[in-house]
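1. Sequence first, then the predicted structure:
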Amino acid sequence: MSLIGRGSSRAEDRFEAWLKRMHRERVLSGESEPVGACPNEAFLRGLARRSKSISLNDPRIDHAANCQNCMNRILAMRQSVRSERKRLALGLSAACLVAIIGAIAWLQYENHHRQAVATAAPISKTVDLWNTGTYRGERPGQLQSVVLPAAQVRLTIVLPQFSSPGQYLVAVTRDQSGNGVIAEGLTTADDIKGQEKVSVAIDLRSAKAGAYFLSTTHEQDQAAYYYPLQIE
Ligand SMILES: [Zn+2]
């Protein structure tokens, strides 16, 4: 005539249900003397942990419910199980907190790093073409290769001898026909100590490492001069 449903499978309720049942039965029967010997430590620990492997019909439960020694030990064990669970939960919370703080710190570092890269001063590069042969279109020539980093570059070009003053379009292109423009800038040549120099800011951050061409086009000439360029 148990009032507790046998189907109740929630482990959390089992111990409370068991206590109520034992208490009720003891009161009804007027019996308070424990029957049989005290069960071993493992069994008591199972009770304290509300082990599902212990049947509520186990006669040792009846003993434990009526034995002051067993009851005291079970209560002490339950207390330690509770604080153990609390410590575990606190430990997990602390681990989560550390992980969250770590993630935030990493994101801040990433953001800071990205901003630092974005606001980084352009890299100054000078390309001296003074003694370099030039060629128009696809006519090959004896050319030195120019190397530039995949970055924001402040490019100063010493134009080849006999270059005209005036405005130049400087471009980095995929091929020597002017196709696939990676970056370009308009600039005016300055005559410095007899050499025509142009200075232009070009953004090569999106360029993949490889072979390109650097071209200069004079405003009135319109024909571009191409120089092999290596982006690293
Ligand atoms: Zn006992």
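-> Thanks, I have the structure now.
2. which bits of the protein sit near the ion?
-> 38, 67, 69-70 (Cβ under 5 Å from the ion). Just so you know, the C-beta spots here come from the backbone N, C-alpha and C atoms, and that holds for glycine as well.
3. What's the mean pLDDT across the longest helix along the chain?
-> For the chain, the longest helix by residue count, based on DSSP state H, is helix 68-118. Mean pLDDT, helix 68-118: 86.
4. Start the count at 54 instead of 1 going forward.
-> With 54 as the first residue, the last one maps to helix 121-171.
5. Counting by contacts, list what it packs against.
-> helix 94-101, helix 112-119 (3 or more Cβ pairs under 8 Å, 6 or more residues apart in numbering; DSSP states H and E).
6. Of the ones you listed, which shows the lowest average pLDDT?
-> Among those, helix 112-119 carries the lowest mean pLDDT (a mean of 82).
7. Can you tell me what sits against that one?
-> Helix 112-119 has contacts (Cβ atoms under 8 Å, 6 or more residues apart in numbering) with 71-72, 75-76, 79, 84-92, 96-97, 100, 107, 123-124, 127.
8. Correct me if wrong: Glu272 contacts Gly219.
-> Yes: using Cβ atoms under 8 Å, Glu272 makes contact with Gly219 at a distance of 5.4 Å.
9. Columns mean neighbour count on top of the helices and strands packed on helix 121-171, output as JSON lines?
-> Below are the helices and strands packed on helix 121-171 laid out as JSON lines (neighbours: other Cβ atoms under 10 Å):
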{"stretch": "helix 94-101", "mean neighbour count": "17"}
{"stretch": "helix 112-119", "mean neighbour count": "18"}
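10. Could you export the ones you listed to a markdown table, including columns for distance to Gly144?
-> Shown next, in a markdown table, are the helices and strands packed on helix 121-171 (distance: least, Cβ to Cβ, whole Å):
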| stretch | distance to Gly144 |
| --- | --- |
| helix 94-101 | 21 |
| helix 112-119 | 31 |
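11. For Thr185, which of these is the nearest?
-> Thr185 lies closest, by Cβ to Cβ, to one member of the helices and strands packed on helix 121-171: helix 94-101, at 87.5 Å.
12. The closest one to helix 121-171, inter-axis angle?
-> Here helix 94-101 points in a direction 60 degrees away from that of helix 121-171 (axes from the mean of the first three to the mean of the last three Cα atoms, to 10 degrees).
13. And the contacts of helix 94-101?
-> 68, 106-107, 113-114, 117, 123, 126-127, 130-131, 134.
14. and the residues of the chain next to the ion as TSV, adding distance to Leu282?
-> Formatted as TSV, those follow (distance: Cβ to Cβ, whole Å):
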residue	distance to Leu282
Cys91	90
Cys120	91
Asn122	90
Cys123	88
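15. What's the ChimeraX syntax to select whichever of those residues are buried?
-> The ChimeraX selection below is limited to those of the residues of the chain next to the ion classed as buried (16 or more other Cβ atoms under 10 Å):
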select :120,123
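16. and which of the residues of the chain next to the ion is nearest to Leu212?
-> For these, the nearest to Leu212 is Cys123 (99.9 Å; Cβ to Cβ).
17. was I right about that closest one contacting Cys91?
-> Yes: with contact defined as Cβ under 8 Å, Cys123 counts as touching Cys91 (5.6 Å).
18. got the phi/psi numbers for the nearest residue to Val211 once chain neighbours are set aside?
-> Spatial nearest neighbour of Val211, excluding adjacent residues (Cβ to Cβ, 6 or more residues apart in numbering): Asp181 at 4.5 Å. Main-chain torsions, Asp181, degrees, to the nearest 10: phi -100, psi 110.
19. Take stretch 203-215 and give me the span from its first residue to its final residue.
-> 30 Å (Cα to Cα, to the nearest Å).
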